[in-house]
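Colleague: no sequence for this one, just the structure:
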């Protein structure tokens, strides 16, 4: 699996006057989970479709394991992808859908049973896929992606429609695939989940790369860092800290949330003032906070804010 990579080079895709993807370049490497983030309309789906050869780029190229995916002699063994979970024959059972796919690459029932077990669909394998819930369809889509034991796995919104147990299962599965040395490329809107799963991030906005960096590096770049100070003499500490560039909020009388100052400076000031500290802590922003800050200017569709519901 040494050369198992996705390489995107100066990829551009225009639809009429609209530039969906604008000369982007990045590499997705093996052995780690790489998250693909961006607001709606940022170009994520277009990029993934171009990697698979479903969309032909206006210019530039995308390579899987060193060549265009459509030139792969045995595609399912090179890259396993799930872009649209419901894209299965509604009249077929889950097992028959997988058997038909397996036959195209010379695999038999044993491998089909293996992936059905891996994704937790063994008990419903004989049921028609058309009657599957979104969560079950996601599992079948992932089973299809993994069928050929591919070196590269690319999943678009794999946690969509899964219950909390299913989300935890996906998290562990993705990490396991990466630990096996595979290249794992995953898009998701569920930031809290991506923060727990991905080690590297590629962030896209309005068709351009905004960040290509480790998860830790991405969060560290955000200006949303806060210092929490808890003191019985919080009001005196607040007065001492007040100044230009410093923002202090308080939800409880003895607790201050401070932005614009480092924790060591707060500690030093407290010592100088003789103020007792019960707690002093740095709080890094969440991935969601860092993402919102970075993409604020790149959101094409501003809507009312809704909390993402995770359907059981």
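Modeller: Cool, the structure landed. Everything quoted here is computed from the prediction, not taken from an experiment. Numbers count the residues shown, from 1 in each chain.

Colleague: only C-alpha atoms for contact and neighbour calcs from this point on.
Modeller: Will do.

Colleague: quick one, what contacts the spatially most central residue of the chain?
Modeller: Among the residues of the chain, the one closest to the centroid is residue 35, at 3.6 Å (C-alpha atoms, centre = their mean). Applying C-alpha atoms under 8 Å, 6 or more residues apart in numbering, we find residue 35 in contact with 185-188, 194, 198-202.

Colleague: which element, helix or strand, includes it?
Modeller: strand 33-37 (DSSP states H and E).

Colleague: repeat that for residue 194.
Modeller: helix 191-197.

Colleague: please enumerate the strands of the protein.
Modeller: All strands of the chain, identified by DSSP state E, fall at 6-15, 18-28, 33-37, 59-64, 79-82, 152-156, 183-187, 200-205, 208-214, 226-230, 247-252, 255-259, 279-283.

Colleague: from the contacts of residue 35, pick the one nearest residue 243.
Modeller: residue 201 (35.5 Å; C-alpha to C-alpha).

Colleague: tell me if I'm right that residue 195 and residue 218 touch.
Modeller: No - applying C-alpha atoms under 8 Å, one finds residue 195 not in contact with residue 218, separated by 10.6 Å.

Colleague: any stretches of the stretch 201-312 of the chain with poor pLDDT?
Modeller: Along the stretch 201-312 of the chain, segments meeting pLDDT under 70 span 298-312.

Colleague: so what strands line up beside the strand holding residue 35?
Modeller: The strands beside strand 33-37 in its sheet (DSSP bridges) come out as strand 183-187 (parallel), strand 200-205 (parallel).

Colleague: now the ones you listed in a markdown table, please, with extra columns for distance to residue 134 and mean neighbour count.
Modeller: Formatted as a markdown table, these follow (distance: least, C-alpha to C-alpha, whole Å; neighbours: other C-alpha atoms under 10 Å):
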| stretch | distance to residue 134 | mean neighbour count |
| --- | --- | --- |
| strand 183-187 | 17 | 27 |
| strand 200-205 | 26 | 24 |
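
Colleague: how about those in CSV, adding distance to residue 144?
Modeller: Output for the strands paired with strand 33-37, formatted as CSV (distance: least, C-alpha to C-alpha, whole Å):
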stretch, distance to residue 144
strand 183-187, 15
strand 200-205, 25
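
Colleague: what's the distance between the residue nearest to the centre of the chain and residue 146?
Modeller: From residue 35 across to residue 146, the span is 18 Å (C-alpha to C-alpha, to the nearest Å).

Colleague: ok, for residue 261, nearest residue in space, not its chain neighbours?
Modeller: residue 246 (6.6 Å; C-alpha to C-alpha, 6 or more residues apart in numbering).

Colleague: and the one you found, how many neighbours does it have?
Modeller: Taking other C-alpha atoms under 10 Å as the neighbour definition, residue 246 ends up with a count of 11.

Colleague: my guess is it contacts residue 259, does it?
Modeller: Yes - under the criterion of C-alpha under 8 Å, residue 246 makes contact with residue 259 at 5.7 Å.

Colleague: which residues touch the residue lying closest to residue 245 once chain neighbours are set aside?
Modeller: Setting aside the residues directly before and after it, residue 245 is nearest to residue 260 in space (C-alpha to C-alpha, 6+ apart), at 5.8 Å. Neighbour list for residue 260: 226, 245-247 [criterion: C-alpha under 8 Å, 6+ apart].
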